[in-house]
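# For reference, the sequence and a predicted model appear below.
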Amino acid sequence: MQAAAVTSQPHLSAAHPNEFDLKRIERALQDRVRYRYVTPTIVGVSGGYRIQAPCCSRNIDPEGGIVDVALMLLDGLHGEWRLFFKDHQRQSWELHSAYSRLKELLDYLNADPERMFWQ
């Protein structure tokens, strides 16, 4: 899917963020393939969740600070979860893919076959 910058958040669900899904995401991330030794933080944002983690690889932050990993937003109008990656050069979120269920999004994020998220 072609990347598109996040410019606004229309049609977001008022049901997100919520404590149930925060815990669900936290548990799911324990099964990720990359950077299993860092503890990610899940932050509730309007209409979804942002994942941050320490940058142990030093690829993004040479000092190993906290970096953005992924942004997950629910598009209530289309009933789909949208997964964004951070373009760290431009400091912008770019659309990566869309999923009908949060579990499908988390499965992809955990595998991260293209190394777009866990850098």
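Okay, I see it.
# Does the most centrally placed residue in the chain belong to a helix, a strand or coil?
With distances taken as Cα atoms, centre = their mean, residue 70 lies nearest the centre of the chain, 2.3 Å away. Look at residue 70: counting by DSSP: H, G, I helix; E, B strand; the rest coil, its state is strand.
# Return the residues in contact with it.
50, 51, 83, 84, 85, 86, 109, 117 (Cβ atoms under 8 Å, 6 or more residues apart in numbering). Using the backbone N, CA and C atoms, a C-beta is placed for each residue, glycine as well.
# In helices, which of these fall?
residue 109 (DSSP state H).
# hmm, back to that, so the residue nearest to the centre of the chain bridges to which residues?
residue 51, residue 85 (DSSP bridges).
# Columns neighbour count, distance to residue 23 and pLDDT on top of the contacts of residue 70, output as JSON lines?
What follows is these, written out as JSON lines (neighbours: other Cβ atoms under 10 Å; distance: Cβ to Cβ, whole Å; pLDDT from 0 to 100):
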{"residue": "50", "neighbour count": "19", "distance to residue 23": "16", "pLDDT": "96"}
{"residue": "51", "neighbour count": "21", "distance to residue 23": "14", "pLDDT": "95"}
{"residue": "83", "neighbour count": "23", "distance to residue 23": "19", "pLDDT": "98"}
{"residue": "84", "neighbour count": "24", "distance to residue 23": "22", "pLDDT": "98"}
{"residue": "85", "neighbour count": "22", "distance to residue 23": "23", "pLDDT": "95"}
{"residue": "86", "neighbour count": "22", "distance to residue 23": "23", "pLDDT": "92"}
{"residue": "109", "neighbour count": "25", "distance to residue 23": "16", "pLDDT": "95"}
{"residue": "117", "neighbour count": "24", "distance to residue 23": "20", "pLDDT": "89"}
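# Spatially nearest residue to residue 105, not counting backbone neighbours?
residue 99 (4.2 Å; Cβ to Cβ, 6 or more residues apart in numbering).
# hmm, back to that, which among the contacts of residue 70 gets closest to residue 39?
Of all these, residue 39 sits closest to residue 51, with 11.2 Å by Cβ to Cβ.
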